[in-house]
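Chemist: any chance you could fold what I've pasted below:
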Amino acid sequence: QVQLIESGGGFVEAGESLRLSCTASGGAAAHYTLGWFRQAPGKEREFVAAIYKDGGRTQYAAAVKERFTISRDSATNTAFLQMNGLKPEDTAVYYCSAGIVWGTVVQGKSNTWGQGTQVTVSS
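Modeler: Have a look, this model is predicted:
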């Protein structure tokens with residue numbers, strides 16, 4: 001069973017940057033697509049970005065495409081989410097997800113999730 005550990009959240013002002021990390025361990029972590037989702041207070045969890053097991057495919061939500069970059073370190077099975085130009089509307093708990101099937105992860109249907117990390121952006 002793959003386990004996910006997220007880190008890197010925090011409190012920043014609008015326009016600043018943060019980098020989130022998600023390290024996958026156990027099972028066949030190297031073969032998993034890794035994705036980021038977020039959930040703001042009172043809202044549904046939404047897809048942010050995903051990266052294929054070899055880093056050769058990425059996908060972004062329209063709201064973050066020009067500001068966020070997902071990458072992956074295969075040696076440590078860690079996915080990074082570099083978030084630039086943060087806006088107050090990016091405030092949310094960010095969750096990492098993992099799965100073998102790309103579509104399952106992107107659609108938020110994986111059973112494997114991290115504990116979440118809070119990102120707060122002040123205006």
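Chemist: find the nearest non-adjacent residue to the most centrally placed residue in the chain, please.
Modeler: Nearest to the geometric centre of the chain sits Trp36, at 2.3 Å (CA atoms, centre = their mean). Spatial nearest neighbour of Trp36, excluding adjacent residues (CB to CB, 6 or more residues apart in numbering): Val48 at 4.2 Å. For the C-beta atoms, the positions are set from N, CA and C on the backbone; glycine is no exception.
Chemist: next up, the contacts around that neighbour.
Modeler: Contacts for Val48 (CB atoms under 8 Å, 6 or more residues apart in numbering) come out as 35-38, 60-61, 64, 68, 81, 94.
Chemist: one more: Arg38?
Modeler: Contact analysis of Arg38 by CB under 8 Å, 6+ apart lists 45-46, 48, 90, 92-95, 119.
Chemist: any chance of the residues you listed in a markdown table with distance to Thr104 as columns?
Modeler: Listed next are these as a markdown table, based on distance: CB to CB, whole Å:
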| residue | distance to Thr104 |
| --- | --- |
| Arg45 | 15 |
| Glu46 | 16 |
| Val48 | 16 |
| Asp90 | 25 |
| Ala92 | 22 |
| Val93 | 21 |
| Tyr94 | 19 |
| Tyr95 | 15 |
| Val119 | 24 |
